[in-house]
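Engineer: sequence first, predicted model second:
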Amino acid sequence: MTVVPAEHLMMLICDGCGDSVTGAGTTLPDAEVVWTLVFEHDWVGSPFASGPHHCPRCSARAAVADDGLGADDLEQVTGPRTAPEGDSAEGVRRALADRIVRDDRVLVDLAGIEVIDSVGLGLLVRAHQDTRRDGRELCLVAPSRFVLTVLHTMRLDGVFAVVDDPAPTSGAAPGRRA
């Protein structure tokens, strides 16, 4: 375990060097989600408490190793930390643009989207409203555990149908999952 909860705070422990940081772990009422704590302190890693998580120094060390430089070159790595790869809202936009319409269902493949932010969530809610207005049901295909956790935390898990396979058997209605 790389996160230690304590009252209203959480301690995040680096899996590389053991450094730690303590802070208000999340704005979501789910003790497993530590997304905000990780990125608020420029750490990298899993959005969940089980990790792995790495402090900025260990993250830079890994980047140096990937570039073929030695550990002695670590001090020469400078510049601002880059933002996490990929914009989750852009991934949701692409998934909505590539949606598949099957009868009265609109299938949105979220398989490649690991995390979702408030903008991406807003896009899904808007798409749900538009789809419902058209007399159809918006179905989320293969959302990640993080996306399901955010939907559950925001009490939207009952709003969206969730399917594991974009091609459900003919006549089978997608099941709702919590």
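Structural biologist: On my side now, so go ahead. Numbers count the residues shown, from 1 in each chain.

Engineer: which residue is the nearest non-sequential neighbour of residue 142?
Structural biologist: Leaving aside its chain neighbours, residue 142 sits nearest to residue 111 (4.0 Å; criterion: Cβ to Cβ, 6 or more residues apart in numbering). All C-beta spots, glycine's among them, are computed from the backbone N, C-alpha and C.

Engineer: show me where the protein has its helices.
Structural biologist: For the chain, the helices defined by DSSP state H cover 35-40, 56-66, 88-97, 118-133, 145-153.

Engineer: mean neighbour count added to the ones you listed, as CSV?
Structural biologist: Putting those into CSV (neighbours: other Cβ atoms under 10 Å) gives the following:
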stretch, mean neighbour count
helix 35-40, 19
helix 56-66, 15
helix 88-97, 17
helix 118-133, 16
helix 145-153, 19
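
Engineer: and those helices, which one is worst for confidence?
Structural biologist: Ranked by mean pLDDT, the helices of the chain end with helix 56-66 at the bottom, a mean of 64.

Engineer: and the pLDDT for residue 174?
Structural biologist: In this model, residue 174 is scored at 46, pLDDT.

Engineer: tell me where the protein has strands.
Structural biologist: 3-6, 9-13, 20-23, 44-45, 53-54, 100-102, 105-109, 137-141, 161-163 (DSSP state E).

Engineer: switch these over to JSON lines; also include distance to residue 91.
Structural biologist: Output for these, formatted as JSON lines (distance: least, Cβ to Cβ, whole Å):
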{"stretch": "strand 3-6", "distance to residue 91": "25"}
{"stretch": "strand 9-13", "distance to residue 91": "25"}
{"stretch": "strand 20-23", "distance to residue 91": "27"}
{"stretch": "strand 44-45", "distance to residue 91": "18"}
{"stretch": "strand 53-54", "distance to residue 91": "22"}
{"stretch": "strand 100-102", "distance to residue 91": "17"}
{"stretch": "strand 105-109", "distance to residue 91": "11"}
{"stretch": "strand 137-141", "distance to residue 91": "13"}
{"stretch": "strand 161-163", "distance to residue 91": "17"}
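
Engineer: count the neighbours of residue 22 for me.
Structural biologist: 13 (other Cβ atoms under 10 Å).

Engineer: going forward, count from 54.
Structural biologist: Noted, 54 is the first residue going forward, which turns the last one into residue 75.

Engineer: good, wrapping up.
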